[in-house]
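S.K.: predicted model follows, preceded by the sequence.
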Amino acid sequence: MSRIGKMPVAVPSGVTVTVEKNVISVKGAKGEMSQDFQPEVSFEIKDGEVVVSRKDDSKRAKSMHGLYRNLLNNMVTGVTKGFQKTLVINGVGYRAELKGDTLLMNLGFSTTIEYMVPEGVTIATEGTNKVVVSGIDKAKVGQAAVEIRSLRPPEPYKGKGIKYENEVIRRKVGKSGV
């Protein structure tokens, strides 16, 4: 049996979980999310927790078991606490600012890069060198952070570029430093 799949998902007070046909919905203080699920798994709601079980022991059912348990856990966490990723911009003249729903960034190129904020994601700037991406959907927050980071990934010699706040960049010694 799946170690992840057999753990029940705790549902805190103020959060409602509903299952209809092949859609599971979670509603909480920060918003509402829903997810389609495959017929290989089923959800049982009881005593403030949700238990995910699979129909049979086929390989596909086993893989779906842990997947949907984790997706449900992420939805419950998203509507209660939300998800957040912080990006740090490092480099001389590198800066970011938010204008409406567009993130404007100077990253050493000849033009300013404009990043449109996706639906369901909130972007805020702290100063000129920190960008905070937040939202209730873990996948959308992660995707937005990856897209921003890919505009100028950190380079190993001087460390210039956009990196995650807790990311460690392995630095290289240049040609002259032996």
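M.R.: Ah, there it is. Numbering: from 1, shown residues only.
S.K.: now do stretch 125-145: everything it contacts.
M.R.: Stretch 125-145 is contacted by residues 30-31, 33, 74, 77-79, 82-90, 94-98, 103, 117-118, 120-124, 148, 162, 164-165 when judged by Cβ atoms under 8 Å, 6 or more residues apart in numbering. Placement of C-beta: from N, CA and C, glycine included.
S.K.: restricting to C-alpha, output it in CSV.
M.R.: Coordinates of the C-alpha atoms in stretch 125-145 are reproduced here as CSV (Å, rounded to 0.1, in the frame of the first residue of the first chain):
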residue,chain,number,x,y,z
THR,A,125,7.8,43.4,-4.6
GLU,A,126,9.8,44.2,-1.5
GLY,A,127,12.2,46.9,-2.4
THR,A,128,13.6,46.6,-5.8
ASN,A,129,15.3,43.3,-5.5
LYS,A,130,12.7,40.9,-4.0
VAL,A,131,9.7,39.5,-5.7
VAL,A,132,7.1,37.5,-3.7
VAL,A,133,4.8,35.2,-5.6
SER,A,134,1.8,33.9,-3.7
GLY,A,135,-1.5,32.2,-4.2
ILE,A,136,-3.7,29.3,-3.2
ASP,A,137,-2.7,26.9,-6.0
LYS,A,138,0.7,25.4,-5.5
ALA,A,139,1.2,24.5,-9.1
LYS,A,140,0.4,28.0,-10.4
VAL,A,141,2.6,29.7,-7.8
GLY,A,142,5.5,27.4,-8.7
GLN,A,143,5.0,27.8,-12.4
ALA,A,144,5.0,31.6,-12.1
ALA,A,145,8.2,31.6,-10.0
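S.K.: next step: the contacts of stretch 125-145 restricted to strands.
M.R.: Judged by DSSP state E, strands contain the following of these: 33, 83-90, 95-98, 103, 121-124, 162, 164.
S.K.: which of the residues you listed are buried?
M.R.: Met33, Phe83, Lys85, Leu87, Val88, Ile89, Asn90, Ala96, Leu103, Val121, Ile123, Ile162 (16 or more other Cβ atoms under 10 Å).
S.K.: would you confirm that the first one contacts Thr77?
M.R.: The one in question is Met33. No. With contact defined as Cβ atoms under 8 Å, Met33 and Thr77 do not form a contacting pair (10.5 Å).
S.K.: buried sites along the longest helix anywhere in the chain?
M.R.: Criterion DSSP state H: the longest helix present in the chain is helix 59-80. Neighbour-count burial for helix 59-80 flags 61-62, 64-80 (criterion: 16+ other Cβ under 10 Å).
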